[in-house]
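>>> here you go, sequence then predicted model.
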Amino acid sequence: MAVTKIWAIKRSVADPIKYIENEEKTINPIFAEGADTTSLVLDYATNGDKTLKKHYVSGVNCNKDFATEEFLMTKKRFGKEDGNVLYHGYQSFDKEEVTAEQAHEIGVALAEKMWGDRFQVVVATHTNTEHVHNHFIRNSVSFKDGNKLHDSKRHYDM
């Protein structure tokens, strides 16, 4: 069963995004040393949902490659560059509960359902531990109306 937690970040926009996109943590295990199964590699290479860098990283309402800049532009546009600048969360699955691809799909779907109508989010699936887990970095300022979402436990009851 997945466990999810989210917390506020008050200092940097760039550092948490760099952390969750770390290539060593998001690489597809098919490309790890010793993995040479041709059919797996071909299936992966032809899957249009994957990036060329072999990462499980997606942007919701932002381009994952320019998320830092886009988050900052939204804040500047609405004059809300102080206080909580981001929310960082994770969604951790039990060992062998899901594949990395399934975890990423679940993470993106959750981000779209929770925040997709108003906020920019980067979703990264980490495969570097025994259990696959997603990280979410969500802008604290809505790109639609400039309002901040004040999270509460009630907000996450679905």
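Here it is on my side, so go on. Keep in mind that what you see is a predicted model, and the values were worked out from it rather than measured.

>>> what about residue 96, is that helix, strand or coil?
Three-state call for residue 96 (DSSP: H, G, I helix; E, B strand; the rest coil): coil.

>>> could you do residue 136 as well?
Going by three-state DSSP: residue 136 is strand.

>>> use 36 as the first number for this chain going forward.
Sounds good: first residue 36 from here, last item residue 171.

>>> count of neighbours near it?
25 (other CB atoms under 10 Å). Every C-beta, even on glycine, is put in place using the N, C-alpha and C of the backbone.

>>> who is it paired with across the strands?
residue 124, residue 158 (DSSP bridges).

>>> now do residue 165 against residue 111, distance only.
Distance, residue 165 to residue 111, by CB to CB, to the nearest Å: 41 Å.

>>> mind listing what residue 128 touches?
37, 138, 166, 167, 168 (CB atoms under 8 Å, 6 or more residues apart in numbering).

>>> ranges for the helices of this protein?
For the chain, the helices defined by DSSP state H occupy 49-55, 58-61, 73-80, 102-113, 135-150.

>>> can you check the pLDDT for residue 147?
With respect to pLDDT, residue 147 has a value of 97.

>>> oh sorry, the question was meant for residue 165
You'll see residue 165 listed with a pLDDT of 81.

>>> and if you look at residue 64?
pLDDT, residue 64: 50.

>>> can you check residue 170 too?
In this prediction residue 170 is given a pLDDT of 87.

>>> test my guess that it contacts residue 156.
No - judged on CB atoms under 8 Å, residue 170 makes no contact with residue 156 at a distance of 10.4 Å.

>>> the more surrounded of these two?
Shown here are residue 170 and residue 156; by other CB under 10 Å, residue 156 has more neighbours (27 against 24).

>>> lowest-confidence helix or strand of this structure?
helix 73-80 (a mean of 32; mean pLDDT, DSSP states H and E).

>>> so where's the protein uncertain?
36-51, 54-89, 185-193 (pLDDT under 70).

>>> same thing but 50
65-89, 191-193 (pLDDT under 50).

>>> residue 165 and residue 111: who's more crowded?
residue 111 (11 against 7).

>>> who are the contact partners of that one?
Residue 111 neighbours (CB under 8 Å, 6+ apart): none.

>>> and it, how far is that from residue 166?
With distances taken as CB to CB, residue 111 is found 38 Å from residue 166.
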